[in-house]
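A.B. asks: Give me coordinates for this.
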Amino acid sequence: MPHPDQPLTNDDAEEEDLLDEEEEDLLDWASMATLYAVGYMRILADAIERGDADLQVDPVAWENTLTAVEGAMVEQIRGRLHGPTAITAEDVERTRQLRELGSAALSGGERSPELCPLALRSMESLFGPDWKRAAREAAFYARALNQEFHPRSGT
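C.D. replies: Here you go, the predicted structure:
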């Protein structure tokens, strides 16, 4: 990397463009992971709260998306990403617990009473005070994605 007082060469400019592109890709990835994770959290929590037999979330999508959002949260703690809220290690742990409880419920196991409160706190930690509106919108997009990749027969 050149001294700040030296003009950029073509190689330096290309390297800087590549870094900007990588940062943009990371931000896009984190934004999409967060959007779909919150959508799945909302869908699953609502289905469990209603006592639905069909929880409406693909177990693989749940696992992959929540694992991705945990990674995005860690990147925010490290300072590589910035979001609408300050993420803490406690927030990451809460999301990890939520992922595990959700995975258990989606595989036919226990529907823990802790899942809904954890989902609410996780959504709030990701979106801040506007989490209810954001969660409704995220659930819409998550349902559409889930239907595209995991269509239900007869619907």
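A.B. asks: Could you say which helix or strand holds the residue nearest to Ala68 when sequence neighbours are not counted?
C.D. replies: Nearest in space to Ala68, with sequence neighbours left out and distances taken as Cβ to Cβ, 6 or more residues apart in numbering, is Ala33 at 3.9 Å. Any C-beta I mention is one placed from the backbone N, CA and C, and that applies to glycine too. Assigned by DSSP states H and E, Ala33 belongs to helix 10-50.
A.B. asks: what packs against that helix?
C.D. replies: helix 59-78, helix 89-106, helix 115-127, helix 131-149 (3 or more Cβ pairs under 8 Å, 6 or more residues apart in numbering; DSSP states H and E).
A.B. asks: can you count the residues close to Glu49?
C.D. replies: For Glu49, the count of nearby residues is 12 (other Cβ atoms under 10 Å).
A.B. asks: Am I right that it is in contact with Cys116?
C.D. replies: Yes - taking contacts as Cβ atoms under 8 Å, Glu49 lies within contact range of Cys116: 5.6 Å.
A.B. asks: For Ala134, give its distance to Met123.
C.D. replies: 8 Å (Cβ to Cβ, to the nearest Å).
A.B. asks: now Leu106
C.D. replies: 18 Å.
A.B. asks: Between those two, which has more neighbouring residues?
C.D. replies: Comparing Leu106 with Met123 by other Cβ under 10 Å, the one with more neighbours is Met123, at 24 against 21.
A.B. asks: how about the more buried one, what does it touch?
C.D. replies: 38, 41-42, 131, 134-135 (Cβ atoms under 8 Å, 6 or more residues apart in numbering).
A.B. asks: Which one of those is nearest to Ile77?
C.D. replies: Checking the contacts of Met123 against Ile77 by Cβ to Cβ gives Val38 as the nearest, at 18.2 Å.
A.B. asks: Now do the closest residue in space to the closest one that isn't next to it in sequence, the pLDDT please.
C.D. replies: Spatial nearest neighbour of Val38, excluding adjacent residues (Cβ to Cβ, 6+ apart): Ala138 at 4.1 Å. On pLDDT, Ala138 comes in at 80.
A.B. asks: ok, how many other residues are close to Ala138?
C.D. replies: 24.
A.B. asks: how close does the spatially most central residue of the chain sit to Ala53?
C.D. replies: Central residue of the chain (Cα atoms, centre = their mean): Thr34, 2.7 Å from the mean position. For Thr34, the distance to Ala53 (Cβ to Cβ) stands at 29 Å.
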